[in-house]
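A.B. asks: Based on what follows, work out the 3D shape:
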Amino acid sequence: MTTRPSTPARRPSLPGRLKRTFDQIHFVRRAWGTIEKERTGTEECMKYVPPPLDTYYRGITVHADRATIWRWLCQMRAAPYSYDWIDNYGRRSPRELTPGLDELQAGQPILVIFEVVGFERDRHITVQIKPGLRWFWGNTCCTFRVEDAEDGNGCRLLMIMTVHDLPGRLAGRTGVYQLRKYFFPWAELVMVHKQFRTFKMLAENQAAEDSSHASDSPKKEAGHAGVIRPR
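C.D. replies: Okay, the predicted model is just below:
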C-alpha cells in the first residue's frame, strides 16, 4: 500500500497576511489591554457625548484595592502622571497623595484640558474636554473605571474614551478632523500606557506599605502587652 506524501500547509496569501496584521494593529489602537466583556456595556462617558460615537478602550491589572487605585486617579487633578516632559511642563507628577484631591466636584479642572463631569467614589471618575477646546480635540469624554478582577487577584483599571464622531465646522474645512481621528488615538494610547503603568506602580507600592503596617501593628501590641511597668 502506497502513501501519498503529505502536502505542505499553504502559507496565507500576502493580502491575507497584510489584513491580519492591520487587524491586529487596529485592535491595539481600539482596545489595548482589554477583553471583550469589558467593552460591551454602556459607559458613563457615553451619556455626555451625542451620537455617533467613536469609542476606545484601555485596561491594566493592578494588584491593589479599588479605594487605593481610585484615590490615585484623583491625583489627576494635580498632574497627568504620564510623560511629564510632554504634558506637565517638565515637573514630576507627585509621588505622594495630595490631601483634599479626592473631594471631587463637577466642573473641577483635571488632566490640564479636561474637567470633571461625574464620579462615584472608589468606582469611576468621568472627565470631558473643556468646551473651548472642542473645536480641535472634538467633544471627547473619558471614564476612568476601577472594578474587581474576576479572579479576585487585584483590580482592573479601565479607561473608556468616547468622541463625537463628526467634525466641527472649522475642523472639517481645515482637515484637522481627519488628522485627529487617525492620529489622536495613537498619541493618546502612548500617554495612557505610561499613565497606567505609573498608577499601577504607585497603587501597588501603597498597598504593600499598608499591608506591612497592618501586619506590624499586632506585633507592637503584643510587645507592649509583655512590658512590666514599674510601680
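A.B. asks: all strands of this protein, in order?
C.D. replies: 53-62, 109-110, 114-120, 124-129, 140-148, 155-164 (DSSP state E).
A.B. asks: how about JSON lines for those strands, with mean pLDDT and mean neighbour count added?
C.D. replies: C-beta here means a position set from N, CA and C on the backbone, and glycine is covered the same way. As requested, those are exported to JSON lines (pLDDT from 0 to 100; neighbours: other C-beta atoms under 10 Å):
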{"stretch": "strand 53-62", "mean pLDDT": "95", "mean neighbour count": "19"}
{"stretch": "strand 109-110", "mean pLDDT": "98", "mean neighbour count": "18"}
{"stretch": "strand 114-120", "mean pLDDT": "98", "mean neighbour count": "18"}
{"stretch": "strand 124-129", "mean pLDDT": "97", "mean neighbour count": "23"}
{"stretch": "strand 140-148", "mean pLDDT": "97", "mean neighbour count": "23"}
{"stretch": "strand 155-164", "mean pLDDT": "95", "mean neighbour count": "22"}
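A.B. asks: right, so of these, which gets closest to W186?
C.D. replies: Closest approach to W186 among the strands of the chain (C-beta to C-beta): strand 53-62, 10.3 Å.
A.B. asks: Give me the sheet partners of the closest one and which way each runs.
C.D. replies: Counting by DSSP bridges, the strands paired with strand 53-62 are strand 155-164 (antiparallel).
A.B. asks: Between the strands of the chain, which one is closest to E204.
C.D. replies: Nearest to E204, of all the strands of the chain, is strand 53-62, at 6.4 Å by C-beta to C-beta.
A.B. asks: quick one: that closest one to strand 140-148, angle?
C.D. replies: Strand 53-62 runs at 30 degrees relative to strand 140-148, counting by axes from the mean of the first three to the mean of the last three C-alpha atoms, to 10 degrees.
A.B. asks: Pull the residues that contact strand 53-62.
C.D. replies: With contacts defined as C-beta atoms under 8 Å, 6 or more residues apart in numbering, strand 53-62 is touched by 29-35, 38-39, 43, 46, 69, 149, 153-165, 181, 185, 188-189, 192-193, 196-197, 199-200, 203-204.
A.B. asks: Quick check: ChimeraX command selecting the buried ones in the residues you listed.
C.D. replies: To isolate the buried ones among the contacts of strand 53-62 in ChimeraX, judged by 16 or more other C-beta atoms under 10 Å, type:
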select :30,31,32,33,34,38,39,43,46,69,154,155,156,157,158,159,160,161,162,163,164,165,185,188,189,192,196,199,200,203,204
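A.B. asks: picking that back up, could you dump the strands of the chain into CSV and include distance to E209?
C.D. replies: Formatted as CSV, the strands of the chain follow (distance: least, C-beta to C-beta, whole Å):
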stretch, distance to E209
strand 53-62, 15
strand 109-110, 26
strand 114-120, 25
strand 124-129, 23
strand 140-148, 19
strand 155-164, 17
